[in-house]
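Fold the following.
(one chain, ligands or ions: 1)
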Amino acid sequence: MTTARRRIALLFAMEAEAAPLIETLGLRQDQEFGDPRLPFLHYRGEFAESLELLLSVNGKDPRFGVDNIGTEPATLNAYLTLRGFRPELCISAGTAGGFIRCGGALGDVYVSDRPFCFHDRRIPIPGFDQYGIGSYPSASYAGMARALGLKEGGVSTGNSLDFTERCLAGMERSGASVKEMEAAAIAWVAWCLKIPFLALKSITDLVDGEHPTEDEFLRNLRTASRLLREKTVEVLRYLATSPPA
Ligand code: ADE
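I've put the predicted structure just below:
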């Protein structure tokens, strides 16, 4: 008897973040998936015969030759990927800033353990204030985090690599240990489509450290992406051998 494979979607913003995993898993590009007018890249594969994978990357901006980071491409690619693939779980994987005050260190890989918030959508009007913050659910994988030695924490999203004092205050209020640029946007799409969602984020820089974020990020992107690959493979192995949620 053959059992249906469980579908897992992996969403990445940057090619450098996704490339090690694509290579290790031997994923193949699917040029038919999605919309040829959009810059997104989609890769398919299997894992341990029980998981069917679709890995989507946001591709490049043709004008500037850089990766399509931030919330707009993340939202659009999430919708395209989740609508077309209908996974049982969606994972936003990538790099992020960590916080020394939360015990974060370079190379840590975090799994989300609380709702995803935005730290740069400030709308001081009743109702809209909460809407701006977002607070979209994270699937609960505490057992997996413990089993794999992953740190757990809140993930906060904004469209800047730097931050203002108000952004920092927002991150503290939401209990974030991780600062990045896509997860809450994808969390909104997953919440709308009722697809369980979590984030796996590898730390390239320390937000409350002494080095300029852009220097630290660029210096550590390759190493953090390799560590992310290792942990993502372990997560897939865990999912392949555990019963469906
Ligand atoms: N990605 C990696 N580091 C980041 C940071 N400090 N802020 C936002 N996105 C990031």
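
shouldn't residue 75 be in contact with residue 185?
Yes. Assessed by Cβ atoms under 8 Å, residue 75 is found in contact with residue 185 at 4.6 Å. All C-beta spots, glycine's among them, are computed from the backbone N, C-alpha and C.

Out of those two, name the residue with the larger neighbour count.
A count of neighbours by other Cβ atoms under 10 Å puts residue 185 above the other of residue 75 and residue 185, at 25 against 16.

State which helix of this structure is the longest.
The residue-count maximum for a helix in the chain (DSSP state H) belongs to helix 213-241.

Buried residues, that one. List them.
The neighbour-count check on helix 213-241 (16 or more other Cβ atoms under 10 Å) flags 213, 216-217, 220-221, 224-229, 231-232, 234-236, 238-240 as buried.

cool, and stretch 95-109?
Residues 95-99, 102, 104, 106, 108-109 are the ones in stretch 95-109 that count as buried (16+ other Cβ under 10 Å).

just stretch 16-29 next, same as before
Buried residues in stretch 16-29, counted by 16+ other Cβ under 10 Å: 16-22, 25, 27.

of the residues you listed, closest to the ligand?
Set against the ligand, the nearest of those by Cβ to the nearest ligand atom is residue 17 (9.4 Å).

The closest one is in contact with residue 227, isn't it?
No. Distance between residue 17 and residue 227: 10.9 Å, which falls outside the contact criterion (Cβ under 8 Å).

Any idea how many residues pack against the closest residue to residue 152 other than its chain neighbours?
Closest residue in space to residue 152, ignoring its immediate chain neighbours: residue 113 at 3.9 Å, by Cβ to Cβ, 6 or more residues apart in numbering. For residue 113, the neighbour count with other Cβ under 10 Å is 21.

Relative to residue 71, how far out is residue 113?
21 Å (Cβ to Cβ, to the nearest Å).

again, but for residue 156
With distances taken as Cβ to Cβ, residue 156 is found 12 Å from residue 71.

Compare neighbour counts for the two and give me the winner.
It is residue 156, of residue 156 and residue 71, that has more neighbours when counted by other Cβ under 10 Å, with 31 against 22.

So for the more buried one, what's the nearest residue that isn't a sequence neighbour?
Of all residues not flanking residue 156 in the chain, residue 176 sits nearest, at 3.6 Å (Cβ to Cβ, 6+ apart).

How many residues are close by the closest residue to residue 62 other than its chain neighbours?
Nearest non-adjacent residue to residue 62, counting by Cβ to Cβ, 6+ apart: residue 39, 7.2 Å away. Residues lying near residue 39 (other Cβ under 10 Å) number 17.

Equivalent analysis for residue 86, please.
Residues near residue 86, counting by other Cβ under 10 Å: 12.

who's in contact with it?
If you count contacts by Cβ atoms under 8 Å, 6 or more residues apart in numbering, residue 86 has them with 7, 195.

Please report how far it lies from residue 16.
28 Å.

residues contacting residue 178?
96-99, 104, 110, 112, 153-156, 199, 201, 203.

can you redo those as JSON lines with secondary structure?
Formatted as JSON lines, those follow (DSSP: H, G, I helix; E, B strand; the rest coil):
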{"residue": "96", "secondary structure": "strand"}
{"residue": "97", "secondary structure": "strand"}
{"residue": "98", "secondary structure": "strand"}
{"residue": "99", "secondary structure": "coil"}
{"residue": "104", "secondary structure": "coil"}
{"residue": "110", "secondary structure": "strand"}
{"residue": "112", "secondary structure": "strand"}
{"residue": "153", "secondary structure": "strand"}
{"residue": "154", "secondary structure": "strand"}
{"residue": "155", "secondary structure": "strand"}
{"residue": "156", "secondary structure": "strand"}
{"residue": "199", "secondary structure": "strand"}
{"residue": "201", "secondary structure": "strand"}
{"residue": "203", "secondary structure": "strand"}
